[in-house]
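Trainee: my questions are about this predicted structure, shown below with the sequence.
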Amino acid sequence: MAFLSIPNVAIRGISACVPPKVEENRDIPFYSAEEVEKVIESTGVERKHIVNDGITASDLCYKACLKLIEELGWDIESIDAICNVTQTPDYTNHPNGFVLHDKLNLKSDCLVLDLYHGCPGWVVGLSTVASMMSRGQLKRVLLVDGDIVTSVQYPLSRESRPLFGDCGTATA
């Protein structure tokens, strides 16, 4: 197992936002009662939060950012960079990092990074921004990670539907 240790960097807070709509795995129509109990027993997943139409990954991440910035008492002008990680971008030709930069009204010289990643995305994003921060050029960074997988996955997928929900996070 690989370990990564980066000096001079600390996580100051984490916030998450999930949509209010919940799907119970017991209600998925293509499983028998016996099958769904086996799925829940083997995965530990009984339910997940899912978006309604029109809600984007950046919408969820934006709410997580606002809460985190408020709770930390950060001045928006003190944020040096934002790194967005997603595998479900809002648009095909405009990265979510720039959408969030605009929505949060971050300063014009705030660095914006976008990483296209799935399951290990938060760890990849964290190691990327922490490496950049360790030299001292960046002081405050928002690592944003969010996906709305349920809006793009095949609804009859017996393998992925019971596992994946939707969420947006922010890490300072």
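Mentor: Now that the structure is in, tell me what you want to look at. Numbers count the residues shown, from 1 in each chain.
Trainee: phi first, then psi, for Glu77.
Mentor: phi -70, psi -10 (degrees, to the nearest 10).
Trainee: now it: how far from Leu104?
Mentor: Here the criterion is CB to CB, to the nearest Å. By it, Glu77 lies 11 Å from Leu104. Just so you know, the C-beta spots here come from the backbone N, C-alpha and C atoms, and that holds for glycine as well.
Trainee: who's more crowded, the two?
Mentor: Taking neighbours as other CB atoms under 10 Å, Glu77 and Leu104 compare with Leu104 leading, 20 against 11.
Trainee: what's the spacing between that one and Val112?
Mentor: Separation of Leu104 from Val112 (CB to CB) stands at 11 Å.
Trainee: and if you look at Tyr154?
Mentor: With CB to CB as the criterion, Tyr154 and Val112 are 32 Å apart.
Trainee: more neighbours, the two?
Mentor: Per other CB under 10 Å, whichever of Tyr154 and Val112 has more neighbours is Val112, with 17 against 9.
Trainee: can you give me the strands for the chain?
Mentor: All strands of the chain, identified by DSSP state E, fall at 14-17, 22-24, 47-49, 81-86, 111-116, 141-148, 166-171.
Trainee: mind putting those strands into TSV with mean pLDDT?
Mentor: Listed next are the strands of the chain as TSV, based on pLDDT from 0 to 100:
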stretch	mean pLDDT
strand 14-17	98
strand 22-24	96
strand 47-49	96
strand 81-86	98
strand 111-116	97
strand 141-148	98
strand 166-171	98
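Trainee: between these, which one is closest to Pro95.
Mentor: Between Pro95 and the strands of the chain, the shortest gap by CB to CB is with strand 111-116, which sits at 3.7 Å.
Trainee: which residues does the closest one contact?
Mentor: For strand 111-116, the surrounding residues in contact (CB atoms under 8 Å, 6 or more residues apart in numbering) are 80-87, 89, 95-98, 101, 121, 124-125, 128-129, 138.
Trainee: any chance of a PyMOL selection covering the buried ones in the residues you listed?
Mentor: In PyMOL, this line selects whichever of the contacts of strand 111-116 come out buried by 16 or more other CB atoms under 10 Å:
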select buried, resi 80+81+82+83+84+85+86+87+89+95+96+97+101+121+124+125+128+129+138
